[in-house]
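In: Build me a model:
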Amino acid sequence: MRNDKDIAHKQRHTKIFVYLTIILFTASIFGYALSSGRTSSSTSANFIITDMQKASYNYASQIPKVLEQVKCWCGCDKHPPYHKNLRQCFIDDSGAFDSHGAGCELCMAEAIDAYSWYKEGYTPEQISKMIDEKYGR
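Out: Down below sits the predicted model:
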């Protein structure tokens, strides 16, 4: 695992990375949904409005297997919809988008961090630990 100084340096650049990535991937979330066979009703563009929502759903679509190994810290595992992992906040078990993530800033922040760290080369296990350390209660 990388040392704390490396992590702090990478986190400073995460916001810049996120903003640039949002610009590049905003339309791709809808393209991914259409190419994966989802209907327009399951993509529910009406709840994916802000840049942060678009980015987090796009990232969740790109790394679902990573997010399955990450705990969501918003508490959705303790009450309906009883999510078992961060992927379920964005994509349900049938492959359709779940609206929960769009209404939860904590879920979106976790997904954006997880995606950024994944792109930086961290393993799913490291990402899970870093999410727990940053967001755990």
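In: Mind listing what's buried along stretch 65-83?
Out: 66-67, 69-74, 76, 83 (16 or more other Cβ atoms under 10 Å). The C-beta positions use only the backbone N, C-alpha and C, and glycine is treated the same way.
In: got it, and stretch 126-133?
Out: Result for stretch 126-133 [16+ other Cβ under 10 Å]: buried residues 126-128, 130-131.
In: For D98, give me its contacts.
Out: Residues counted as contacts of D98 (Cβ atoms under 8 Å, 6 or more residues apart in numbering) are 81, 88-92.
In: A111 now?
Out: By Cβ under 8 Å, 6+ apart, A111 lies in contact with 56, 59-60, 67, 86, 89-90, 101.
In: now swap in Y57 and tell me
Out: 29, 48, 90, 97, 101-102 are the contacts of Y57 under Cβ under 8 Å, 6+ apart.
In: I'd like these as CSV, with distance to Y115 and pLDDT appended.
Out: Below are the contacts of Y57 laid out as CSV (distance: Cβ to Cβ, whole Å; pLDDT from 0 to 100):
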residue, distance to Y115, pLDDT
I29, 12, 45
I48, 16, 91
F90, 11, 95
F97, 16, 92
G101, 13, 94
A102, 16, 94
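In: ok, of these, which come out buried?
Out: By 16+ other Cβ under 10 Å, the contacts of Y57 give 29, 48, 90, 97, 101-102 as buried.
In: Go through those and name the one nearest E110.
Out: The closest of the buried ones among the contacts of Y57 to E110 turns out to be G101 (Cβ to Cβ; 9.3 Å).
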